[in-house]
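1. need a 3D model of the following:
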Amino acid sequence: MIVKNDLYDYPHRYIYQDTDGFKFSIDSLLLAEFVKLPKKDGIILDMCTGNAPIPLVLSTKTKNKIYAFEIQKAVYDLAKDSVSLNGLDDQIEIYNNDVLDIDKIFPGKYFDIITCNPPYFVTTSTSQLNKNDYLTIARHEVKIKLDDIFRIVSTHLKENGHFYMVHRPERLDEIILTSEKYKLKMKVFQVITTKNNIPFMILCHFQKHAKHGIRFNPILDISNLKSYQNIFSKEDK
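-> Numbers count the residues shown, from 1 in each chain. This next block holds a predicted model:
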C-alpha cells in the first residue's frame with residue numbers, strides 16, 4: 001500500500017512509501033546530513049536514489065540543482081511523486097534509468113557533488129536474496145557493484161569535486177582500494193554505532209585528485225538521537 005509519510009522530522013517535507021515494499025532508511029538521512037554543500041552554485045547527483053530521501057533532505061539546505069537516478073520503475077514513481085508533492089520539480093529531477101547508462105545523458109566532469117547509498121551486499125551463488133525484488137536490488141549488488149559506482153563517480157565528478165557514500169564497515173578495505181583505483185582520496189571517515197557500541201555503518205567523504213590525508217571523526221552513537229538534523233558540524237564533513 002502506498003502511503004504518504006512525514007520525512008522524519010524535516011519540516012514541510014513528505015515522502016511516499018510502499019508499506020509492502022520499499023521504504024527509506026536512517027542511512028539516507030545520515031548521509032544527507034554528512035554532505036558539505038558548496039557556498040556557491042553547484043550541481044548535485046544522487047545515485048541509487050530510491051524514493052528520493054537524500055534529494056529531499058538536501059533540498060532543505062540548498063537551492064542547487066539535484067539530479068537522481070533510480071532503476072526500479074515502481075520505486076522511481078514513489079520518488080517522482082514525492083518530489084512533486086513537495087513542489088520541488090524545478091530543483092530535483094529524477095531519471096528512471098540505469099545509472100550505468102549515465103554517459104548517454106550527462107557529459108563527464110559535470111557534477112560538483114555526488115552522493116550514493118548503494119547496495120551493501122556482494123551477491124554470490126550462495127547469497128540468500130530477498131524474494132521481494134525491490135529489496136533485493138536495493139540491498140544486493142545485483143544491478144550495480146562497488147567498482148561501477150567509483151568508476152561513474154570518477155568520470156562524472158568535476159576536478160576536486162566531492163563524493164559522499166554510506167556503507168558497511170566490513171567492506172572498508174575494498175572501499176579504500178577501489179577509491180584509490182579511481183583517483184578518489186578519502187578525506188573524512190565517520191563511524192556510526194548504536195547501543196552495543198559495535199560499528200554498523202560508515203560515512204565516507206572522498207575528493208577527486210586530492211592529496212593524501214584522512215580525518216577520522218569521533219564515533220557517533222545514534223541510539224538516543226531524537227533528530228538527525230544538523231548532527232554534523234561543518235568540520236565533521
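
2. make it CA atoms for all contacts and neighbour counts henceforth
-> OK.

3. residues making contact with stretch 196-203?
-> 27, 31, 34, 164-169, 189-194, 221 (C-alpha atoms under 8 Å, 6 or more residues apart in numbering).

4. ok, these vs residue 207, which is closest?
-> residue 164 (8.9 Å; C-alpha to C-alpha).

5. pull up the gap between residue 205 and residue 65, please.
-> Distance, residue 205 to residue 65, using C-alpha to C-alpha, to the nearest Å: 20 Å.

6. most widely separated two among the contacts of stretch 196-203?
-> Using C-alpha to C-alpha, the contacts of stretch 196-203 reach their maximum pairwise distance at 164 and 194, which is 21.4 Å.

7. neighbour count winner among the two?
-> A direct count of neighbours by other C-alpha atoms under 10 Å for residue 164 and residue 194 places residue 164 higher, at 23 against 15.

8. now the more buried one, what's its secondary structure?
-> Three-state call for residue 164 (DSSP: H, G, I helix; E, B strand; the rest coil): strand.

9. doesn't residue 114 make contact with it?
-> Yes - under the criterion of C-alpha atoms under 8 Å, residue 164 makes contact with residue 114 at 6.4 Å.

10. quick one: residues contacting residue 15.
-> 4, 5, 6, 7, 51, 53, 78, 79, 82, 85.

11. bridged to the nearest residue to the fourth one once chain neighbours are set aside, which residues?
-> Counting by C-alpha to C-alpha, 6 or more residues apart in numbering, residue 14 is the residue found nearest to residue 7 once chain neighbours are left out, at 4.9 Å. Bridge pairing for residue 14 (DSSP bridges) gives the partners residue 6.

12. any idea how far residue 174 is from residue 14?
-> On the measure of C-alpha to C-alpha, residue 14 and residue 174 end up 35 Å apart.

13. before we move on, what about residue 36?
-> 24 Å.

14. restrict stretch 186-193 to CA atoms and write it as CSV.
-> Presented in CSV, the C-alpha positions along stretch 186-193 are these (Å, rounded to 0.1, in the frame of the first residue of the first chain):
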residue,chain,number,x,y,z
MET,A,186,39.1,9.5,1.2
LYS,A,187,39.2,12.8,3.2
VAL,A,188,36.8,12.2,6.1
PHE,A,189,35.7,9.0,7.8
GLN,A,190,32.8,8.7,10.2
VAL,A,191,31.8,5.6,12.2
ILE,A,192,28.2,5.2,13.4
THR,A,193,27.2,2.9,16.3
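
15. hmm, back to that, residue 205 and residue 65: who's more crowded?
-> Legend: neighbour count by other C-alpha under 10 Å for residue 205 and residue 65, higher for residue 205 (25 against 16).
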